[in-house]
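*Asks:* Mind looking at a prediction? Sequence and model below.
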Amino acid sequence: MPLSHIGILHEDPTFLIVSKPSLLLSVPGRAEDNRDCLITRLQENGYPEARIVHRLDWETSGLLVIARNPDSHRELSRQFHDRETEKTYAALCWGHPTADSGMIDLPLRYDPPNKPRHIVDHEFGKPAQTYWRITERYADHCRVELTPITGRSHQLRVHMLSLGHPLLGDQLYAQGEALEAFPRLALHAAALTISHPVTRERLRFESPVPF
């Protein structure tokens with residue numbers, strides 16, 4: 001498959017910064033018909049050395065860093081593991097939280113009977129924390145800035161649902177008006193800060209929010 005719709009925002013010998021469109025997997029799925037994904041498109045179109053460092057959900061758009069050699073992959077992966085990166089997401093949520101900002105600290109786990117959903121579980125869940133801040137209020141929904149401290153699967157989606165304000169267009173967690181209010185999941189990885197894997201220079205990248 002071509003690189004179409006994948007924006008390459010930065011390129012140097014050690015890594016790429018790319019913008020993934022919504023409805024594209026980050027890595028291949030298990031089924032053969034799910035082979036098309038961001039990393040495969042890069043590898044087949046001029047970047048055979050590309051290695052995934054972190055992922056975004058299929059429905060989520062926005063920034064990803066891609067390593068270009070084993071050393072940079074090791075160092076960038078370490079930065080994510082040690083929480084030295086900074087990630088900011090833009091989203092639209094249904095309804096109006098009473099406060100303008102806050103932190104959600106709720107443990108999450110995978111829910112096999114309802115795969116691929118995740119749920120809050122205070123007994124068996126893994127720790128998960130998200131800062132949130134409303135940046136604009138509309139008639140029936142809000143624009144929010146989300147900053148994950150941990151990186152659990154579906155963390156932002158489940159945490160906002162836990163407040164009673166699911167993300168618009170979320171096929172897994174929204175229902176009724178919240179689901180129908182937007183044609184896609186309204187979640188975009190808008191900013192990413194990393195340290196260069198060789199020079200250690202602190203670098204911030206941004207991607208325009210498509211909604």
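*Replies:* That came in fine, so what should we check first?
*Asks:* Now do the SS call for Ile104.
*Replies:* Secondary structure assignment for Ile104 (DSSP: H, G, I helix; E, B strand; the rest coil): strand.
*Asks:* That one: neighbouring residues, count only.
*Replies:* By other Cβ atoms under 10 Å, 20 other residues sit near Ile104. Every residue, glycine included, has its C-beta placed from N, CA and C.
*Asks:* wait, it sits on Thr130?
*Replies:* Yes: counting by Cβ atoms under 8 Å, Ile104 touches Thr130, with 4.7 Å between them.
*Asks:* joint contacts of those two?
*Replies:* His159 (Cβ atoms under 8 Å, 6 or more residues apart in numbering).
*Asks:* Report the distance from the helix or strand encompassing Cys142 to the chain centre.
*Replies:* Here Cys142, judged by DSSP states H and E, is contained in strand 141-148. Computed by Cα atoms, centre = their mean, to the nearest Å, the chain-centroid distance of strand 141-148 equals 13 Å.
*Asks:* Kindly report the same for stretch 34-49.
*Replies:* Distance of stretch 34-49 from the chain centroid (Cα atoms, centre = their mean) equals 19 Å.
*Asks:* got the end-to-end distance for it?
*Replies:* End-to-end distance for stretch 34-49, by Cα to Cα, to the nearest Å: 21 Å.
*Asks:* in that stretch, what's buried?
*Replies:* The neighbour-count check on stretch 34-49 (16 or more other Cβ atoms under 10 Å) flags Cys37, Leu38, Ile39, Arg41, Leu42, Tyr47 as buried.
*Asks:* Help me confirm that the second one comes into contact with Leu25.
*Replies:* Yes: using Cβ under 8 Å, Leu38 is in contact with Leu25, at 6.9 Å.
*Asks:* Contact partners for the residue most central in space within the chain?
*Replies:* For the chain, the residue nearest the mean C-alpha position is Leu56 (4.1 Å; Cα atoms, centre = their mean). By Cβ under 8 Å, 6+ apart, Leu56 lies in contact with Lys20, Ser26, Gly62, Leu64, Ala189.
*Asks:* State the pLDDT value of it.
*Replies:* Per-residue confidence (pLDDT) for Leu56: 97.
*Asks:* now do Leu3
*Replies:* Leu3 carries a pLDDT score of 83 in this model.
*Asks:* ditto for Asp33
*Replies:* For Asp33, the model assigns a pLDDT of 68.
*Asks:* Number of residues surrounding His81?
*Replies:* Neighbours of His81 under the rule other Cβ under 10 Å: 11.
*Asks:* Please work out the average pLDDT along the strand holding Cys142.
*Replies:* Averaged across strand 141-148, pLDDT comes to 98.
*Asks:* ok, it: who's next to it in the sheet?
*Replies:* Strand pairing for strand 141-148, using DSSP bridges, gives strand 86-94 (antiparallel), strand 129-137 (antiparallel).
*Asks:* And the next helix or strand past it?
*Replies:* Using DSSP H and E, the first helix or strand after strand 141-148 is helix 155-162.
*Asks:* what's the spacing between the next helix or strand after that following helix and its chain's center?
*Replies:* Counting by DSSP H and E, the next helix or strand C-terminal to helix 155-162 is helix 176-180. Put simply, helix 176-180 sits 21 Å off its chain's centre (Cα atoms, centre = their mean).
*Asks:* Fine by me, thanks again.
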